[in-house]
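Enquirer: coordinates only, sequence not included:
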């Protein structure tokens with residue numbers, strides 16, 4: 001049976017339904033069938049409440065109107081939900097805006113309040129802990145004296161053992177230092193590094209033995225046998241970590257042993273910085289990592305936090321004071337080191353570090369202090385691990401760069417088999433080694449910086465190297481290095497082989513002129529080919545598509561071919577000239593009307609040096625005919641004119657005598673191929689002379705020197721025989737006046753007095769000496785009159 005509440009709510013629901021249906025229905029029939037809510041609540045005159053209920057009943061009984069009513073109610077419900085969501089989102093947005101406006105101030109206020117509350121809580125808790133110690137009211141602090149005594153005994157035993165072992169190890173340190181300071185002829189750096197490693201191993205052994213001694217005392221002599229307290233274990237572990245860190249500091253600075261010092265600094269500077277870093281490590285290690293946890297375990301957390309605050313503040317203040325005190329000193333030392341650096345990257349890095357090192361040090365100590373104060377359990381291991389990684393990375397980088405410098409100075413030595421055929425390969429490789437080692441040094445610097453950034457969490461080097469980008473960069477860098485190295489080695493081998501072939505002292509035979517020319521052109525072609533191929537392959541490895549470059553180069557080459565036909569003609573003509581062996585370096589040729597020595601041959605042009613020393617560059621396209629005077633053999637062609645009154649047969653005899661005297665000279669004879677003078681006879685009856693032509697067969701290039709020597713002898717023999725060699729005559733005209741009288745010519749005899757004193761016979765004897773006396777006189781002056789032209793470049797113009 002329905003309850004009273006159901007009957008009370010049913011009319012209200014029905015009224016609301018009718019009202020919504022009346023609003024939502026667009027038809028007039030529904031408007032007529034469904035009375036409004038107002039009519040339901042306030043019936044019109046003549047309309048009773050029973051009529052309203054009856055109309056509502058009729059509306060519900062009709063299936064069509066009932067379905068429409070349900071549909072409209074569902075639509076209104078969805079619209080109401082959307083409206084509620086919109087209003088809710090608007091209110092949330094307004095709340096977020098208001099919250100963002102107040103977030104900064106609220107965060108600052110909350111943080112400040114938290115800090116103040118933490119400080120007050122720490123101070124209050126520390127005071128309570130200290131009070132409870134003296135009053136004994138706190139049961140947890142009643143046994144801290146016992147823990148303190150046992151831990152102090154273990155600490156004293158450990159430190160005493162460490163001191164004893166260090167004293168015993170001084171003999172080893174001193175001997176190693178003396179060994180490193182001795183003068184060694186070779187590998188001084190390796191010997192020093194070896195001595196440092198030995199000393200470091202001994203130092204680590206001393207720390208390990210002291211730690212074992214302390215551990216033995218804790219197990220056997222303090223408390224129950226075989227049982228060790230937590231505080232004792234904590235001290236021993238901190239001792240091991242702190243002293244091993246100090247071992248690293250001593251290995252770097254070596255304050256007491258100059259021969260074991262890796263850094264080039266003075267003893268005073270080494271002692272200062274060694275003491276500074278040892279104090280910092282001791283404060284952080286024994287203070288923050290041992291005293292603070294010991295107080296937290298034995299007495300109170302608040303007292304340990306107060307002790308941690310005081311230790312950290314003292315450490316930061318001490319470190320910053322030392323940093324700014326030594327700012328200028330370290331700056332000067334870094335600049336001095338940069339001046340002696342042979343690597344530009346090191347120079348720039350050291351100069352930048354000289355100006356900014358104190359800021360990096362300050363930031364480091366501030367970060368260290370913040371981490372120790374906020375979350376020492378989480379921050380300190382991260383900071384210490386990052387510090388150790390940084391120091392190790394820097395030391396390894398310095399060591400690798402030092403080894404590269406040493407290797408660069410010593411160079412490499414090739415086996416004898418290579419030296420026999422590639423004499424200059426070793427020198428070329430040693431010349432390129434400094435450049436290669438500079439690349440290695442740059443890679444080392446990049447790796448050290450990357451390791452430092454990875455150690456401090458700025459970059460994740462492992463993830464980057466394992467990523468697709470990292471693998472691509474690494475593989476591309478390795479591939480580029482191998483490609484460039486292979487190209488350099490190929491060029492060195494080929495260039496050394498060509499120089500070996502061109503050098504008669506190395507190859508054992510004199511290369512021909514053609515071989516010199518072809519090998520020189522081949523060397524240039526190989527250099528261009530290797531350079532172009534290397535650049536293309538490197539661009540391909542970098543990721544640049546070289547297909548468009550090759551296509552563009554082809555199009556550009558075609559355009560250049562059309563636009564520079566003269567250049568193409570030069571190249572093609574040069575190729576055929578080389579194939580036909582028309583010109584070689586050192587040949588005397590006539591090309592384009594210029595005669596000279598071919599000093600330079602390229603695929604496009606010819607370089608000639610003429611008799612006056614002028615250097616001409618002649619494009620091959622302008623060379624119509626090449627006259628080469630240096631092929632197989634040559635001739636000196638001599639044509640000598642005598643007076644018409646002379647006997648030509650007698651002249652030919654004198655020419656043969658002159659040739660016989662020429663052949664008596666061994667040096668000149670070696671350049672003559674035929675032992676007989678080739679006489680062509682009388683070739684012309686000229687205007688003022690009878691011309692007789694002879695020819696001498698010589699080595700190529702010797703025709704000019706042989707011709708000049710023969711001309712000298714011909715002149716002597718013809719003069720001795722009294723045979724006249726005609727020459728042009730000159731008539732002097734002194735002029736005349738208007739009356740036809742010529743002025744007197746002011747003539748005077750040279751050596752007039754000496755001529756008068758000589759007798760007529762003596763004068764005739766002087767004018768007509770016999771050939772024998774003339775021959776003797778010529779023999780006496782032959783050595784001083786001997787010409788001395790150089791073999792190369794000895795030629796005459798107009799041949």
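Expert: Cool, got the structure. Remember, predicted model here, so these are calculated numbers, not experimental data.
Enquirer: what about the stretch 451-600 of the chain, any weak spots by pLDDT?
Expert: Across the stretch 451-600 of the chain, residues meeting the criterion (pLDDT under 70) sit at 504-518, 553, 555-566, 568.
Enquirer: tell me where it has helices.
Expert: Here the stretch 451-600 of the chain has its helices, by DSSP state H, counting those that start in this stretch, at 461-466, 468-502, 504-507, 513-542, 546-563, 565-579.
Enquirer: next secondary structure after whatever helix or strand residue 176 lives in?
Expert: Assessed by DSSP states H and E, residue 176 sits inside helix 144-181. Proceeding N to C from helix 144-181, the next assigned helix or strand is helix 188-220, under DSSP H and E.
Enquirer: residue 679: what secondary structure?
Expert: strand (DSSP: H, G, I helix; E, B strand; the rest coil).
Enquirer: nearest spatial neighbour of residue 178, chain-adjacent residues omitted?
Expert: Nearest residue to residue 178, sequence neighbours excluded (Cβ to Cβ, 6 or more residues apart in numbering): residue 259, at 6.9 Å. Heads up, the C-betas are built off the backbone N, CA and C, glycines and all.
Enquirer: what about the stretch 51-200 of the chain, any weak spots by pLDDT?
Expert: 51-62, 64-66, 69, 73, 76-145, 183-189.
Enquirer: which strands and helices lie in contact with the helix holding residue 176?
Expert: When contacts are defined as 3 or more Cβ pairs under 8 Å, 6 or more residues apart in numbering; DSSP states H and E, helix 144-181 packs onto helix 188-220, helix 230-253, helix 292-298.
Enquirer: and the first one with helix 230-253, angle?
Expert: When axes from the mean of the first three to the mean of the last three Cα atoms, to 10 degrees is applied, the directions of helix 188-220 and helix 230-253 differ by 170 degrees.
Enquirer: other SSEs contacting helix 188-220?
Expert: Short answer (3+ Cβ pairs under 8 Å, 6+ apart): helix 188-220 packs on helix 144-181, helix 230-253, helix 344-410.
Enquirer: in the second one, what counts as buried?
Expert: For helix 230-253, the buried set under the neighbour-count rule, 16 or more other Cβ atoms under 10 Å, comprises 231-232, 234-236, 238-240, 242-253.
Enquirer: tell me the helices and strands packed up against the next helix or strand along the chain from it.
Expert: On the C-terminal side of helix 230-253, the closest following helix or strand by DSSP H and E is helix 267-282. Applying 3+ Cβ pairs under 8 Å, 6+ apart, one finds that helix 267-282 makes contact with helix 230-253, helix 301-325.
Enquirer: nearest to residue 722, out of those helices?
Expert: Nearest of the helices and strands packed on helix 267-282 to residue 722, taken as Cβ to Cβ: helix 230-253 at 102.0 Å.
Enquirer: so residue 684, which of the three states?
Expert: strand.
Enquirer: looking at the helices and strands packed on helix 188-220, which is buried most?
Expert: helix 230-253 (a mean of 19; mean count of other Cβ atoms under 10 Å).
Enquirer: now the helix holding residue 176 against helix 188-220, angle please.
Expert: 160 degrees.
Enquirer: can you give me the buried ones in stretch 210-223?
Expert: So for stretch 210-223, counting by 16+ other Cβ under 10 Å, buried means 210-211, 213-215, 217-219, 222-223.
Enquirer: now those in JSON lines, with pLDDT?
Expert: Output for the buried residues of stretch 210-223, formatted as JSON lines (pLDDT from 0 to 100):
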{"residue": "210", "pLDDT": "92"}
{"residue": "211", "pLDDT": "91"}
{"residue": "213", "pLDDT": "90"}
{"residue": "214", "pLDDT": "89"}
{"residue": "215", "pLDDT": "87"}
{"residue": "217", "pLDDT": "87"}
{"residue": "218", "pLDDT": "85"}
{"residue": "219", "pLDDT": "83"}
{"residue": "222", "pLDDT": "78"}
{"residue": "223", "pLDDT": "68"}
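Enquirer: pull the contacting residues for the residue nearest to residue 567 when sequence neighbours are not counted.
Expert: Take residue 567 and drop its neighbours on the chain: the residue closest to it by Cβ to Cβ, 6+ apart is residue 604, 7.0 Å away. With contact set as Cβ atoms under 8 Å, 6 or more residues apart in numbering, residue 604 has these partners: 567, 570-571, 574, 619-620.
Enquirer: filter these down to the buried ones.
Expert: Buried, going by 16+ other Cβ under 10 Å: 570-571, 574, 619-620, out of these.
Enquirer: how many degrees apart are whatever helix or strand residue 332 lives in and helix 301-325 in direction?
Expert: Using DSSP H and E, residue 332 sits within helix 327-339. On the basis of the same axes, to 10 degrees, helix 327-339 is oriented at 60 degrees to helix 301-325.
Enquirer: tell me what helix 327-339 is packed against?
Expert: Counting contacts by 3+ Cβ pairs under 8 Å, 6+ apart, helix 327-339 packs against helix 344-410.
Enquirer: against which helices or strands is the helix it packs on packed?
Expert: Using 3+ Cβ pairs under 8 Å, 6+ apart: helix 344-410 touches helix 188-220, helix 230-253, helix 301-325, helix 327-339, helix 425-455.
Enquirer: make it 7 Å
Expert: helix 301-325, helix 327-339, helix 425-455 (3 or more Cβ pairs under 7 Å, 6 or more residues apart in numbering; DSSP states H and E).
Enquirer: could you dump these to CSV with distance to residue 283 and mean neighbour count?
Expert: Formatted as CSV, these follow (distance: least, Cβ to Cβ, whole Å; neighbours: other Cβ atoms under 10 Å):
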stretch, distance to residue 283, mean neighbour count
helix 301-325, 5, 17
helix 327-339, 21, 15
helix 425-455, 22, 16
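Enquirer: which among those is found nearest to residue 382?
Expert: Closest to residue 382 of the helices and strands packed on helix 344-410, according to Cβ to Cβ: helix 425-455, at 9.6 Å.
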